[in-house]
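*Asks:* just to be clear, the model below is a prediction. Sequence and coordinates:
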Amino acid sequence: MKFKALRLIAAGAFLTMTGCSSMGDSIWPSLAGEEPARKAANKAKAAKVNATRQIAAATAPVGGPPALAASNIELPQLSTLRPTGTVVGQKVTQIGQELRALAGRLNQRNADLSNIRNSTINNAQRYHGTVAAVQAKLQLGSTPGNPVLIQQWNQAQTELDRLGQDVAAMNQLTNGVASDASMAGFLLESARATYGISGAVDEDHRQLALLEDETNKTVVVIDRLLQELSDDVSRQTAYIGNERRNLGSLALAIKNGELYGTSLSSRAFSPANVAGLQPSRPTARNSGIAATRPLVVIRFDRPNVQYEQALYTAVSRALERRPDARFDLIAVSPNTGSPADIALLRSDSRRKADNVMRTLAGMGLPSERMALSSTTSPNARASEVHIYVR
């Protein structure tokens, strides 16, 4: 069996695949003869069910949008204050009026928050519906740069921008609630300070105690509302940032007409010490190939080598096992021929390594996680790109 183009080494084992073959559960193909005709129908049915399951898995949003807080603020019932005709009574009436005005503003904030949450849910549903349609088409097969998919991608980008506008509205609402919190604190201090004013009757102090209790309860409600807004803004901001990276990976998939998966950054940003994949430490980069075995070897021994899906799979698995992994890309060129030939081959391998690096960046792998260098090798027959994990 002749191996071509791409060799994957994962978890210490070499996995070799050609540009036109696909990876199954076994490296070696089955040598069994053709199935009997009576089994062909069952095989076709099983293949159809498997394809349906793959499409369902591809179109399901990974993780989905984060859940929004669903609580509805309930302000304390404000007591009716009776004028007493004293100076303290006038102060009590003033504080009571300001507390009622604050309660009115908070009720409006609550209505605004409900509208923003409904808008966020609707925008998220439309966004994931559009992305699912693109993924389903790519899963079934599509032409590179399909204009219909490009239009759907632009629509998904618009929906994601609307989600960003919802987060901006939440931030603006948070500023308003923070202002209300300051006002509630001022009213609480004013009520407490009023106890020290002379000329009060017993009814004044009774009503002051009611105002103090109601203001305290209002402060608690405001604090809870601020916490919910802060949590929602934090989760939605992280979610939108991750989805923007996923859209970048999806744009690359549309360009190539092949579905890869979610952005590699969703795995790469998790600072965890996961045991499993051991880091390889390339040595003597500029004088020879590293002594450790590479994660991926891409051989450009023929035109239009289709390496993207296999590359995504290998790097994705590496990041699943070691989310803090970094990758060294080494452009390897033959060192046979005249000095001019060697220089041309070195330039060609470097250019192909640059393309591989841009492909990984398009898949969502942060540029700071990658390093690029070049070398020559007497064993290379064509330009190669070796990728090491460290």
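*Replies:* In hand now; what should we look at? Numbering: from 1, shown residues only.
*Asks:* from here on, just use CA atoms for contacts and neighbour counts.
*Replies:* OK.
*Asks:* remind me which helix or strand the closest residue to residue 219 other than its chain neighbours belongs to.
*Replies:* Excluding the flanking residues, the one nearest residue 219 by Cα to Cα, 6 or more residues apart in numbering is residue 184, at 6.1 Å. Element membership of residue 184, judged by DSSP states H and E, is helix 147-194.
*Asks:* which elements pack onto that helix?
*Replies:* Secondary-structure packing of helix 147-194 (3 or more Cα pairs under 8 Å, 6 or more residues apart in numbering; DSSP states H and E): helix 87-140, helix 202-256.
*Asks:* so for residue 354, which of those sits nearest?
*Replies:* helix 202-256 (15.7 Å; Cα to Cα).
*Asks:* hang on, the earlier thing: just to check, the residue nearest to residue 219 is in contact with residue 217?
*Replies:* No. Look at residue 184 against residue 217 with Cα atoms under 8 Å: they stay out of range, at 9.9 Å.
*Asks:* those two: which is more packed in?
*Replies:* residue 184 (23 against 17; other Cα atoms under 10 Å).
*Asks:* list the contacts of the more buried one.
*Replies:* 99, 102, 215, 218-219 (Cα atoms under 8 Å, 6 or more residues apart in numbering).
*Asks:* next: residue 112.
*Replies:* Counting by Cα under 8 Å, 6+ apart, residue 112 has contacts residue 173.
*Asks:* repeat for residue 164
*Replies:* 237, 240.
*Asks:* quick one, grab the pLDDT at it.
*Replies:* pLDDT for residue 164: 93.
*Asks:* how close does it sit to residue 241?
*Replies:* Distance of residue 164 to residue 241, given as Cα to Cα, to the nearest Å: 9 Å.
*Asks:* and what of residue 149?
*Replies:* 22 Å.
*Asks:* higher neighbour count, the two?
*Replies:* residue 149 (25 against 13).
*Asks:* nearest residue to the more buried one in space, please, no chain neighbours.
*Replies:* Going by Cα to Cα, 6+ apart, residue 149 has residue 134 as its nearest residue, at 6.0 Å.
*Asks:* is the one you found in contact with residue 155, as I believe?
*Replies:* No. Between residue 134 and residue 155 there is no contact under Cα under 8 Å: 10.7 Å.
*Asks:* more neighbours: which of these two?
*Replies:* residue 134 (25 against 16).
*Asks:* residue contacts, that one?
*Replies:* Counted by Cα under 8 Å, 6+ apart, residue 134 has contacts 149, 152-153.
*Asks:* same deal with residue 350?
*Replies:* 331-332, 374.
*Asks:* dump the residues you listed to CSV, plus pLDDT and secondary structure.
*Replies:* CSV is the format used below for the contacts of residue 350 (pLDDT from 0 to 100; DSSP: H, G, I helix; E, B strand; the rest coil):
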residue, pLDDT, secondary structure
331, 91, strand
332, 92, strand
374, 88, strand
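*Asks:* most neighbours among the residues you listed, which one is it?
*Replies:* residue 332 (34 neighbours).
*Asks:* beta partners of it?
*Replies:* residue 375, residue 384 (DSSP bridges).
*Asks:* distance of it relative to residue 106?
*Replies:* 66 Å.
*Asks:* same question for residue 160.
*Replies:* Distance from residue 160 to residue 106, by Cα to Cα: 29 Å.
*Asks:* with residue 143 instead?
*Replies:* 53 Å.
*Asks:* higher neighbour count, these two?
*Replies:* Neighbour count, other Cα under 10 Å: between residue 143 and residue 106, residue 106 has more, with 22 against 14.
*Asks:* show me what contacts the more buried one?
*Replies:* If you count contacts by Cα under 8 Å, 6+ apart, then residue 106 has 177, 180 around it.
*Asks:* how much space between it and residue 166?
*Replies:* For residue 106 relative to residue 166 (Cα to Cα), the value is 19 Å.
*Asks:* make JSON lines out of the contacts of residue 350 and add distance to residue 386.
*Replies:* Output for the contacts of residue 350, formatted as JSON lines (distance: Cα to Cα, whole Å):
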{"residue": "331", "distance to residue 386": "7"}
{"residue": "332", "distance to residue 386": "7"}
{"residue": "374", "distance to residue 386": "10"}
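*Asks:* number of nearby residues for the residue lying closest to residue 126 once chain neighbours are set aside?
*Replies:* Spatially, and ignoring its direct neighbours in sequence, residue 126 is nearest to residue 159 (6.9 Å; Cα to Cα, 6+ apart). Residues lying near residue 159 (other Cα under 10 Å) number 21.
*Asks:* isn't residue 159 right up against residue 124?
*Replies:* Yes. In this structure residue 159 lies within contact range of residue 124 using Cα under 8 Å: 7.4 Å.
*Asks:* domains in the protein, by residue range?
*Replies:* The chain breaks down into these domains under automatic domain parsing: 6-19+54-61+269-389, 87-256.
*Asks:* let me have these in JSON lines, extended by distance to residue 80.
*Replies:* Below are those laid out as JSON lines (distance: least, Cα to Cα, whole Å):
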{"stretch": "domain 6-19+54-61+269-389", "distance to residue 80": "52"}
{"stretch": "domain 87-256", "distance to residue 80": "9"}
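*Asks:* mean pLDDT for those: which is lowest?
*Replies:* domain 6-19+54-61+269-389 (a mean of 72).
*Asks:* can you tell me the element residue 372 falls in?
*Replies:* Element membership of residue 372 [criterion: DSSP H and E] is strand 370-377.
*Asks:* so for the protein, the centremost residue is which one?
*Replies:* Centroid-nearest residue in the chain: residue 242, 2.1 Å away (criterion: Cα atoms, centre = their mean).
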